[in-house]
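S.K.: Turn this into a model:
(4 chains)
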There are 2 protein chains.
Amino acid sequence: MKVTKPTIKNIARAAGVSTATVSRALAYKNNLKPATAKRIRQIAQEMGYHKNVAASQLASNMTNTIAVIINYTQTDFWIGILNGILHRARELNHQVITFYAGDNDSRRLTQTVNEALEHQANGILMISGKMEQEQVNILSTAHMPYRLISIYNPEHRYVSSNNVEIGEQATNYLIKRGHRRIGLVGIDHYLTGQQRLFGYQRAMTEAGLPINPQWIHYGDYSYQDGKKLFSAIQDGSVTAVVAGSDMIGAGLIKAATQSGWRLPEQLSIISIDGSDICELTTPELTTVSQDFYQMGLTSVDNLLQDQPATFIPTTLIERDSVQTLPTEK
Amino acid sequence: MKVTKPTIKNIARAAGVSTATVSRALAYKNNLKPATAKRIRQIAQEMGYHKNVAASQLASNMTNTIAVIINYTQTDFWIGILNGILHRARELNHQVITFYAGDNDSRRLTQTVNEALEHQANGILMISGKMEQEQVNILSTAHMPYRLISIYNPEHRYVSSNNVEIGEQATNYLIKRGHRRIGLVGIDHYLTGQQRLFGYQRAMTEAGLPINPQWIHYGDYSYQDGKKLFSAIQDGSVTAVVAGSDMIGAGLIKAATQSGWRLPEQLSIISIDGSDICELTTPELTTVSQDFYQMGLTSVDNLLQDQPATFIPTTLIERDSVQTLPTEK
DNA sequence: CTGAAAGCGCTAACAT
DNA sequence: ATGTTAGCGCTTTCAG
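M.R.: Below you'll find the predicted structure:
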């Protein structure tokens, strides 16, 4: 489909004015006769004109745009963040354009980071579970402000929950209810996972509880992995688990239920990172949640105001009818 | 944060060549000495250079970009579509940039459509439940190819499932199981909803079943509305319902369960538009599903190859342990 | 194989 | 209040 788009030149000709006047009219500048301005806009609309943002950006050297990179398409924990970003960005008269990198595909993430970098945004917000040094390097040498969202990385600017604290709170929740053999299921091999593991270890250690390495199982935060990982704990070696994400928690619950387990009698689960989906999937699930929406708001402020790295407060949400068994098997 | 980005001019100076040569080197053109090319790329990387896509587009008049507009941020049915789009777009060497319009906020949708239009994409894919004439007009007069995804609108190019068929299949599923008083809950007031309603009506009529207007309830496809709408059917006037979306279905199930109902004994539910979340929320739910991923693939092909409007095939997915009651109350 | 130069569509001084 | 003009950073002829 060959499409010839009208330009301000066409409009200028049609309106019998110069391109500068057209430009001014369309930008709602106040230094021209309202009547002319209105007439020009009228003509522009009739011609189905839309500004060529490339040319505009190039000429003005301004974009008022925030680029968001998302490295997940299977889980939806980032939707809350994105909503927050959108809200605050609009408030501050910024546009948001989003780039998807797929699911933890390193090569495509690199490619996507480069794509985002080529768009002359005011800055980049990066929502990704995994990041390799390569991508971080590209970002950090690219002369463009960026923030890692929900990714704690002490060497960079981030807006993240405190994963150590989250891991610790979740574990303590179970310990307080009498559990002694507590698993940690579905954390990743990267920093986030390591932090949560550290919090888990700290809670266990401070409670004087031993940790069995076989209680710790890695995954990719997905529902699928949650289901898979149930097999790793169905020998009954633990009475409770901290799920590395709500999707992991949901997967565990699904698999456990399918195996005929009754929850939470046979297994108590507390899940990290409750998103909205959490209520849906598992009303009985307790969640140590990040306030994702708030994280989005904060991210934009942090980026545009050039603030230092920051933590989002962690809150523990008990839902409906949670009653975990206060006894060890 | 004041950032001065390197340009090809800087690189040219640093490399002792002309900007033309730099441009060629970075575009991997084969008409220059490999050694020079490599050296230039090396320098570019060291300087943290990234192409200014605005300038590039302007000069070459090419973007190889597909713009996607999404008008939902609370439900996630579109993620499957987006994945399909991403996959096929990459295959065809196209970039995807995504614009979020929020949640059925007409003003913001208009704004977002305009933003997308200003980016010189090859075309626009629009995923939205509701669309008003205003936005459709803007799109259709903008000299840019576009497709409405999952929106049946005979006056425009669309890639959609056949909503009449979907409504009919779902209703027939319940009729075959012996239900006679069947509700339709949570459809919208727009074309999609009307089509599904029509299918429902056709199935009922062909089965010789009467339709009570009070069995039909409107909503916005959200989980929240599903919960709300349960009150509309809890008088027991229907023995089964077609849920207008899987989120509606999930909401109904949640509310019904909270009210102490046992499903499917007291109420059979079949849900339209099962996304992945569907399995998660309600393993016992039967779904008339669109293949969202396929819809994404098809959308890209359809757009880039300038094909006519098309329907995606509909499939009925029975999950796990569905056994609806074959008797009327 | 490389350089010089002419724009792409728009904005922003600077004139008038 | 409007027109003239010089670029923005890049690509792409056209020369050499």
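
S.K.: Could you verify my assumption that A:S23 touches A:K9?
M.R.: No: judged on Cβ atoms under 8 Å, A:S23 makes no contact with A:K9 at a distance of 10.6 Å. All C-beta atoms are positioned from the backbone trio N, CA, C, and that covers glycine.

S.K.: Which one's more surrounded, the two?
M.R.: Using other Cβ atoms under 10 Å in any protein chain shown as the criterion, A:S23 and A:K9 rank with A:S23 on top: 17 against 11.

S.K.: Roughly how far does the more buried one sit from B:D220?
M.R.: A:S23 sits at a distance of 40 Å from B:D220 (criterion: Cβ to Cβ, to the nearest Å).

S.K.: Model confidence at A:D320, what's the number?
M.R.: Looking at A:D320, its pLDDT reads 45.

S.K.: Name the residues linked to A:H217 by a beta bridge.
M.R.: A:V185 (DSSP bridges).

S.K.: residues touching it, list them.
M.R.: A:G183, A:L184, A:V185, A:G186, A:L229, A:A232, A:I233 (Cβ atoms under 8 Å, 6 or more residues apart in numbering or on different chains).

S.K.: What confidence value was assigned to the residue most central in space within chain A?
M.R.: With distances taken as Cα atoms, centre = their mean, chain A has A:W78 as the residue nearest its mean C-alpha position (3.4 Å). As predicted, A:W78 sits at a pLDDT of 84.

S.K.: Okay, it and DNA strand D: tell me how far apart.
M.R.: Distance, A:W78 to DNA strand D, by Cβ to the nearest atom of the strand, to the nearest Å: 30 Å.

S.K.: Ok, A:Q266 next?
M.R.: From A:Q266 to DNA strand D the distance is 61 Å (Cβ to the nearest atom of the strand).

S.K.: Burial check on that residue, number of neighbours?
M.R.: A:Q266 has 15 neighbours, counted by other Cβ under 10 Å.

S.K.: Please tell me how far it sits from A:V238.
M.R.: A:Q266 is 11 Å from A:V238, by Cβ to Cβ.

S.K.: for A:I211, same thing?
M.R.: Taking Cβ to Cβ, one finds A:I211 at 11 Å from A:V238.

S.K.: More neighbours: these two, which one.
M.R.: More crowded of A:I211 and A:V238, by other Cβ under 10 Å: A:V238, with 25 against 16.

S.K.: and that one, helix, strand or coil?
M.R.: The three-state assignment at A:V238 reads coil, by DSSP: H, G, I helix; E, B strand; the rest coil.

S.K.: So for it, what's the nearest residue that isn't a sequence neighbour?
M.R.: If the residues on either side of it in the chain are set aside, A:V238 comes closest to A:G183, at 4.0 Å by Cβ to Cβ, 6 or more residues apart in numbering or on different chains.

S.K.: residue contacts, A:S161?
M.R.: Contacts of A:S161 (Cβ under 8 Å, 6+ apart): A:S150, A:Q290, A:M295, A:F311, A:I312, A:P313, A:T314.

S.K.: right, and the pair among these with maximum separation?
M.R.: A:S150 and A:P313 (13.7 Å; Cβ to Cβ).

S.K.: The two: who's more crowded?
M.R.: More crowded of A:S150 and A:P313, by other Cβ under 10 Å: A:S150, with 23 against 10.

S.K.: what about the closest residue to the more buried one other than its chain neighbours, neighbour count?
M.R.: Of all residues not flanking A:S150 in the chain, A:S160 sits nearest, at 5.4 Å (Cβ to Cβ, 6+ apart). A:S160: 23 surrounding residues under other Cβ under 10 Å.

S.K.: Which helix or which strand is home to A:S160?
M.R.: strand A:158-161 (DSSP states H and E).
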